[in-house]
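Enquirer: only geometry, no sequence info:
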């Protein structure tokens, strides 16, 4: 099952229509419902205080049997946090599988900087719980990582590796600027704008946690 959450940030409806066609369960955080319907996709769930979704789209969701969960405007969590928590519970109810720990997050870049930083804080919060949130828009795919992975790309495509912990020990293969067990520091820009030298790159993070930013 591919689960996705759509927030109320910047949105390209044409691109989003293609992305959402691959999603099995779509959970919209309030105004994300507007974006989903703009892309021609009716969500399975609409959640939040519902002060951003239009009355017309809210009624359309009701007519189409969307699960709607409304919360007070004065609350401790953002609408996005509520949507992510719902997604986590859905994944926890699924049999273990290759995608059972991944949540795709759309519409979470752009607009207010404090919201973007808060969204990245949520990525770390759920990563610590064993869930990988992949924040994606037409230009970026962003997620937290430790361990070893093979990334697909094309020569010249940029990849940034940013430590989330104070330090991270990183080894890479297939990138123009190789790292050989080197320590990247949280307060340094050393890992920004590396480049694929081949169609695949290997990234190994032996210590710490990094944020991978893959540019399209």
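Expert: Good, I have the coordinates. All values reported here derive from a predicted model rather than from experimental measurement. Numbers count the residues shown, from 1 in each chain.
Enquirer: tell me which residues in stretch 123-142 are buried?
Expert: Under the neighbour-count criterion of 16 or more other Cβ atoms under 10 Å, stretch 123-142 has 123, 126, 127, 131, 133, 134, 135, 136, 137, 141, 142 buried. Using the backbone N, CA and C atoms, a C-beta is placed for each residue, glycine as well.
Enquirer: do stretch 55-63 as well
Expert: Neighbour-count burial for stretch 55-63 [16+ other Cβ under 10 Å]: 57, 58, 61.
Enquirer: starting at the chain centroid, how far to stretch 159-179?
Expert: Relative to its parent chain, stretch 159-179 has a centroid offset of 20 Å by Cα atoms, centre = their mean, to the nearest Å.
Enquirer: what of stretch 198-208?
Expert: The chain centroid and the centroid of stretch 198-208 are separated by 19 Å, computed with Cα atoms, centre = their mean.
Enquirer: now intersect the buried residues of stretch 55-63 with the helices, please.
Expert: Judged by DSSP state H, the buried residues of stretch 55-63 include 57, 58, 61 as members of helices.
Enquirer: ok, now which ones touch residue 146?
Expert: 168, 205, 208, 209, 210 (Cβ atoms under 8 Å, 6 or more residues apart in numbering).
Enquirer: in which helix or strand does the last one reside?
Expert: It refers to residue 210. Per DSSP states H and E: residue 210 is located in strand 200-215.
Enquirer: relative to that strand, what are the paired strands and their orientations?
Expert: strand 140-152 (antiparallel), strand 158-163 (antiparallel), strand 167-173 (antiparallel) (DSSP bridges).
Enquirer: follow-up on the earlier one: with pLDDT and distance to residue 50 added, can I get the ones in helices among the buried residues of stretch 55-63 in a markdown table?
Expert: Shown next, in a markdown table, are those (pLDDT from 0 to 100; distance: Cβ to Cβ, whole Å):
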| residue | pLDDT | distance to residue 50 |
| --- | --- | --- |
| 57 | 97 | 10 |
| 58 | 97 | 6 |
| 61 | 97 | 10 |
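Enquirer: for these, which one is nearest residue 117?
Expert: Distance to residue 117 across these (Cβ to Cβ) is lowest for residue 57, with 27.8 Å.
Enquirer: do I have it right that the closest one meets residue 34?
Expert: Yes - contact status for residue 57 versus residue 34: in contact at 5.4 Å, counting by Cβ atoms under 8 Å.
Enquirer: count the residues that sit near residue 170.
Expert: Residues near residue 170, counting by other Cβ atoms under 10 Å, number 24.
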